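Novice: Model the structure of this input:
(one chain, ligands or ions: 2)
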Amino acid sequence: MHDKQKTEPVQTQSKKNDGNRTQLLIALAVLLASAAAFVFAMLPTNNESPAPQTKKVSATEGADSTQKESAELSAGTLFSDGFEPTISNEVAAPEDAPDGMVWIPGGEFSMGSDSESESICSLPGVTRDAVPIHRVYVDPFWMDATEVTNAQFAKFVEATGYVTVAETKPTLEEFPGAPPENLIAGSTVFAPTPVAVPLNNHLQWWAYIQNADWRHPLGPSSNLDGRENFPVVHVAYEDAAAYAKWAGKRLPTEAEWEFAARGGKAGELYAWGNELQPAGEFKANIYQGKFPVEGGDSGVDGFKGIAPVKQFEPNAYGLYDVAGNVWEWTSDWYRPDYYSTLAASGTVARNPQGPDSPYDPSEPTEKKRVHRGGSFLCTDLYCTRYMVGTRGKGEVRTASNHVGFRCVQSIPATD
Ligand SMILES: [Ca+2]
Ligand SMILES: [Ca+2]
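Specialist: Numbering: from 1, shown residues only. Ligands and ions are numbered 1, 2, ... in the order given. The predicted model follows:
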């Protein structure tokens, strides 16, 4: 959001007030488009010929025919025999678990997804960054069982006086030449459209809202009353990292995140198995209904919009909401070719830390880190990025109301 080359702040606080929007809103929305792209994107193409040796998601009870078709097509393009068994370390968990954290034994596993085509979404290349499947080893670690909550983040702010990026007024140094009245603090909020819209322009459903921040997730008139156990949102990468440091933790690498999310299993589509809705039940807070229309979120999974943490069963390691609810920052820089680079080494990647620098060809001037897990805005009709092997990305200074984080702690703690 603070790219000096292409943005300057806005003075509007209304998503309806297009006339007052300036480049920052556009830039923010474009930046969010990276999030929106993997969340929403386009309908799967009609690839009726799944790759050989694929497994399909079972038809989802209670879903309409379009949803069933979508799930089957998505599964057919994602899952193949490229996965090998996970070999977990045989390391007993230390006796005293840090409060709120669960033991992740680490080990060797197959990381990524095996998209045989680009047809999970019709957005070209949107899943290409999660191939090829490659072998990775990670050390044992502790991981927060849940996304960091508002209550937890509030303790951090109370103890340190920390001010988040979204709460900070942009400066003239960041935006040379910008009118002072345009330098306003705020963040980006999902803004459902009044009527159905073509899904080819993410600007339509994101708005830069003045004074939207973690205490005011939907804008200045909103607050955290009753939302103490909701995941904190409107946290930029540096905000998440600052919290982690204060807590004596750190953000997970992307490899740690995926190892943990897979729960010791190999090659499954979701953190809970291969069916989107086992026995007809949703296993994560995602999005059902017409997107992105006002009132379109039907909440069949139990929640319209964001949910408190721990509302769905944990995965095999005891982790809640690794799929859905809010996207989670990882510490890796984003590059779409990173998996290819690791795979080309021909060896097991040990504790990979991500590429040395970020690069997203679609927005080459933006510095992005990897997001994982999808959010309450991910819909099974479009890009299903709550699938455990898929990736997201976000510009490091950009916050929104569907991105949060959770922390890890090394064994022994080194941070
Ligand atoms: Ca939901
Ligand atoms: Ca999550």
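
Novice: Get me the contact residues on the stretch 201-350 of the chain for ligand 2.
Specialist: 321, 325 (CB under 5 Å from the ion). For glycine as for every other residue, the C-beta is placed from the backbone atoms N, C-alpha and C.

Novice: Which parts of the stretch 201-350 of the chain are strands?
Specialist: Remark: strands assigned in the stretch 201-350 of the chain by DSSP state E, counting those that start in this stretch are 206-210, 327-333, 349-350.

Novice: packing partners for the longest one?
Specialist: Secondary structure elements in contact with strand 327-333, counted by 3 or more CB pairs under 8 Å, 6 or more residues apart in numbering; DSSP states H and E, are helix 237-246, helix 254-262, strand 368-372, strand 392-395, strand 403-404.

Novice: Recalculate using a threshold of 7 Å.
Specialist: helix 254-262, strand 368-372 (3 or more CB pairs under 7 Å, 6 or more residues apart in numbering; DSSP states H and E).

Novice: Report the angle between the shortest one and helix 237-246.
Specialist: This means strand 368-372. 70 degrees (axes from the mean of the first three to the mean of the last three CA atoms, to 10 degrees).

Novice: and stretch 297-313, is it in reach of ligand 1?
Specialist: Yes - residues of stretch 297-313 are located near ligand 1 by CB under 5 Å from the ion, namely 301, 303.

Novice: Begin at 639 from now on, thanks
Specialist: In the new count, where the first residue is 639, that last one comes out as stretch 935-951.

Novice: In that stretch, which residues are buried?
Specialist: 935, 939, 941, 942, 943, 944, 945, 946, 947, 950 (16 or more other CB atoms under 10 Å).

Novice: Would you work out how far apart the start and end of it are?
Specialist: Its start and end residues considered, stretch 935-951 measures 22 Å (CA to CA, to the nearest Å).

Novice: What is the distance between that stretch and the centre of its chain?
Specialist: Its chain's C-alpha centre and that of stretch 935-951 lie 16 Å apart, by CA atoms, centre = their mean, to the nearest Å.

Novice: Ok, stretch 950-969 next?
Specialist: Going by CA atoms, centre = their mean, the spacing between the C-alpha centre of stretch 950-969 and its chain's C-alpha centre is 10 Å.

Novice: can you map out the helices along the stretch 939-1053 of the chain?
Specialist: 976-982 (DSSP state H, counting those that start in this stretch).

Novice: and it, which residues reach ligand 1?
Specialist: Near ligand 1, when you scan the stretch 939-1053 of the chain using CB under 5 Å from the ion, you find 939, 941.

Novice: one more time with 6 Å
Specialist: 939, 941, 1014 (CB under 6 Å from the ion).

Novice: Kindly report the same for the chain.
Specialist: 923, 924, 925, 937, 939, 941, 1014.

Novice: Which of those residues sits closest to residue 833?
Specialist: residue 925 (17.9 Å; CB to CB).

Novice: about what we covered before: what's the most buried one of the strands of the stretch 839-988 of the chain?
Specialist: strand 965-971 (a mean of 26; mean count of other CB atoms under 10 Å).

Novice: Please identify the pairing partners of it and their relative orientation?
Specialist: The strands that strand 965-971 pairs with in its sheet are strand 1006-1010 (antiparallel), strand 1041-1042 (parallel) (by DSSP bridges).
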